[in-house]
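> Kindly generate the corresponding structure for this input.
(one chain, ligands or ions: 1)
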Amino acid sequence: MTATAAPQTASPAASSSTSSAFVPAPRWTTEALVALFELPFSDLMFRAQEVHRANHKANAIQRSTLLSIKTGGCSEDCGYCSQSAHHGEAQREALLEVTDVVAAAQAARDKGATRFCMGAAWRGPKDKDLDRVTDMIVAVKALGMETCVTLGMLKEGQAKRLKEAGLDYYNHNLDTAPEFYGQVITTHAQSERFDTLDRAREAGIKLCCGGIVGMGETRRQRASLLVELANMSPPPESVPINELVPMPGTPLENAPPLDPFEFVRTIAVARITMPGSMVRLSAGRQEMSDELQALCFLAGANSIFYGDKLLTAGNPEADRDEALFARLGLTSA
Ligand code: SF4
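Residues are numbered from 1 along each chain as shown. Here you go, the predicted structure:
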């Protein structure tokens, strides 16, 4: 470990002087994370494995299935997204009926998924939309599955309604580094994302929050994204690391592909800096070879999206995943 790769710690003096049990939260710096990224590959993988094995079952992978419950026509202009009304080509579909969602959740559970994630292409939900979404949450919980929704930005009181319906996780990604955000999205500020994350946390909902790499950001900006995540207090329970899937018609359709080893390094740095979090290998997995996925698991990824569709992008078929798990000796978490 290099001297600069250690987390900085907040001064105990900054906390309540009455608490003798104060444990300062690690404060990672971009420099420390860049130093991790720059380690020789084998050293970085070794560090990631050490952290992984100290905090998680070594060979267990959690599986989530993601369903688009409302597709396309979104008012936001996220440069990677085919569901944006500004440039997206995704077929628009209205909010699904609860019965359709339950059928999809049941099928996912039967194939081994333990968490069901429901995504809607909205800037944020209207209160009347939440009525049906909360019905979906109640129904999916009744199947014995964990629930996650991604609905965009939440207004005051909406997180509480979701929590009361039994929601376990709220997904809202930071997407990228603060200093790169404006080059990808202009219709809202990243600070608005933090507001939603705060509302979900305050309501007692666990966070699923990560980002997308391969959008033209620098390594330092990848490090900066992970610093923002790792320094949350606590870090998100679930951290999806997505590789850009260039979608036709979007501003990023011709983004040059990321070096696969750089993607694996990103997973490893996420694992080291967020030891207790589930790190999810998310979008981009369909395009990865089995060998590259194995490296990602070695780097500390311990969760995947499972099923043949990720909103509007493809995902490996469940049978291919079963075969890969068998070849690698992986089990379901
Ligand atoms: S990522 Fe979400 S908020 Fe952005 S355009 Fe797509 S659906 Fe809308």
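> Is my assumption valid that residue 229 occupies a position in a strand?
No. The assignment for residue 229, made by DSSP: H, G, I helix; E, B strand; the rest coil, is helix rather than a strand.
> list the contacts for it?
174, 209, 210, 211, 235, 236, 239, 270, 273, 274 (CB atoms under 8 Å, 6 or more residues apart in numbering). The C-beta positions use only the backbone N, C-alpha and C, and glycine is treated the same way.
> Wait, residue 81 touches residue 74, no?
Yes. The pair residue 81 and residue 74 passes the contact test of CB atoms under 8 Å, sitting 7.1 Å apart.
> Which one's more surrounded, the two?
Neighbours around residue 81 and residue 74, counted as other CB atoms under 10 Å, are more numerous at residue 81. The numbers are 26 against 23.
> can you pull the pLDDT of the more buried one?
Model confidence at residue 81, expressed as pLDDT, equals 93.
> how near is it to the ligand?
Here the distance between residue 81 and the ligand works out to 3 Å (CB to the nearest ligand atom, to the nearest Å).
> Would you mind pointing out the helix or strand that residue falls in?
No secondary structure element spans residue 81, as it lies outside all helices and strands (assigned by DSSP states H and E).
> got it, and residue 70?
In this structure, residue 70 is located in strand 60-70 according to DSSP H and E.
> Distance of residue 229 relative to residue 271?
Taking CB to CB, to the nearest Å as the measure, residue 229 and residue 271 are separated by 12 Å.
> no wait, residue 301
Taking CB to CB as the criterion, residue 301 is separated from residue 271 by 8 Å.
> so what sits against both of the two?
Here residue 301 and residue 271 share the contacting residues residue 279, scored by CB under 8 Å, 6+ apart.
> Just the C-alphas of the helix or strand following the strand holding residue 70, formatted as PDB.
Toward the C-terminus, strand 60-70 is succeeded by helix 98-110 as the next helix or strand (DSSP H and E). The C-alpha trace of helix 98-110 is given here as PDB (Å, rounded to 0.1, in the frame of the first residue of the first chain):
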ATOM      1  CA  VAL A  98     -49.300  -4.100 -10.800                       C
ATOM      2  CA  THR A  99     -50.200  -7.600 -12.000                       C
ATOM      3  CA  ASP A 100     -47.600  -7.400 -14.800                       C
ATOM      4  CA  VAL A 101     -44.900  -6.400 -12.400                       C
ATOM      5  CA  VAL A 102     -45.800  -9.200  -9.900                       C
ATOM      6  CA  ALA A 103     -45.700 -11.700 -12.700                       C
ATOM      7  CA  ALA A 104     -42.200 -10.500 -13.700                       C
ATOM      8  CA  ALA A 105     -41.000 -10.500 -10.100                       C
ATOM      9  CA  GLN A 106     -42.300 -14.100  -9.600                       C
ATOM     10  CA  ALA A 107     -40.400 -15.200 -12.700                       C
ATOM     11  CA  ALA A 108     -37.200 -13.500 -11.400                       C
ATOM     12  CA  ARG A 109     -37.600 -15.100  -8.000                       C
ATOM     13  CA  ASP A 110     -38.000 -18.500  -9.600                       C
END
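> the inter-axis angle of helix 98-110 versus strand 60-70?
Helix 98-110 runs at 160 degrees relative to strand 60-70, counting by axes from the mean of the first three to the mean of the last three CA atoms, to 10 degrees.
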